[in-house]
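Chemist: Okay, structure incoming, though there's no sequence with it:
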C-alpha cells in the first residue's frame with residue numbers, strides 16, 4: 001500500500017515549499033485530534049474565473065492550492081499518512097458575478113485528495129464565489145482534518 005507521498009511521485013507531483021504568511025497568523029492550528037488550516041492561495045494563477053481564467057485553469061489552481069495545504073499538513077505532522085480523515089474543505093473562488101462553476105473548479109482539490117488518500121480523502125465541501133481574494137489569487141482553500149498519532 002503506497003503512502004500519500006509515494007502516490008504524489010507516481011502522479012508526477014510534488015509538495016511545494018511552505019509559503020510565507022502574509023500577516024500575523026500560523027499555517028495551521030492543532031486542537032485535540034483536529035487540524036485547522038489557514039487558507040492557502042496560489043502564486044501561479046491570478047485573476048477572476050469567468051473573465052481571466054478558464055474552468056480548466058481554475059481546476060489546476062485548486063489542485064495547486066491543495067498541494068500548498070498538504071505541505072502545511074506534512075510540516076505539522078511529519079507524514080501525510082497521519083491524516084485519519086478530511087472533514088471539511090472550503091474553497092473560495094475569485095470569480096465574476098456571472099460565473100457559477102465554482103464546484104467544477106474545486107474538483108481540482110477534491111480529485112487530488114481522492115487520488116492520494118482514497119476513502120480518507122472523502123470530505124464535506126463548500127465551493128463559493130468571491131468578489132476578490134488577496135493578491136488577486138484565483139483561489140483560496142482552507143480545511144479541517146482529523147489526525148491520528
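Modeler: Here it is on my side, so go on. Remember, predicted model here, so these are calculated numbers, not experimental data.
Chemist: Confirm that residue 8 sits in a helix.
Modeler: Yes. The assignment for residue 8 by DSSP: H, G, I helix; E, B strand; the rest coil puts it in a helix.
Chemist: pLDDT wise, what is it at?
Modeler: Residue 8 is assigned 96 on the pLDDT scale.
Chemist: which stretches of the chain form strands?
Modeler: Using DSSP state E, the strands found in the chain span residues 28-31, 34-37, 83-94, 124-130, 139-147.
Chemist: Reformat the ones you listed as JSON lines; add mean neighbour count.
Modeler: C-beta here means a position set from N, CA and C on the backbone, and glycine is covered the same way. Shown next, in JSON lines, are the strands of the chain (neighbours: other C-beta atoms under 10 Å):
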{"stretch": "strand 28-31", "mean neighbour count": "12"}
{"stretch": "strand 34-37", "mean neighbour count": "18"}
{"stretch": "strand 83-94", "mean neighbour count": "21"}
{"stretch": "strand 124-130", "mean neighbour count": "16"}
{"stretch": "strand 139-147", "mean neighbour count": "22"}
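Chemist: possible to save these as JSON lines with mean pLDDT and distance to residue 72?
Modeler: As requested, the strands of the chain are exported to JSON lines (pLDDT from 0 to 100; distance: least, C-beta to C-beta, whole Å):
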{"stretch": "strand 28-31", "mean pLDDT": "97", "distance to residue 72": "5"}
{"stretch": "strand 34-37", "mean pLDDT": "98", "distance to residue 72": "6"}
{"stretch": "strand 83-94", "mean pLDDT": "98", "distance to residue 72": "12"}
{"stretch": "strand 124-130", "mean pLDDT": "98", "distance to residue 72": "18"}
{"stretch": "strand 139-147", "mean pLDDT": "98", "distance to residue 72": "10"}
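Chemist: average model confidence for the longest helix that the chain contains?
Modeler: The residue-count maximum for a helix in the chain (DSSP state H) belongs to helix 55-77. For helix 55-77, mean pLDDT is 98.
Chemist: Can you tell me which helices and strands that helix packs against?
Modeler: Helix 55-77 sits against strand 28-31, strand 34-37, strand 83-94, helix 102-117, strand 139-147, with contacts defined as 3 or more C-beta pairs under 8 Å, 6 or more residues apart in numbering; DSSP states H and E.
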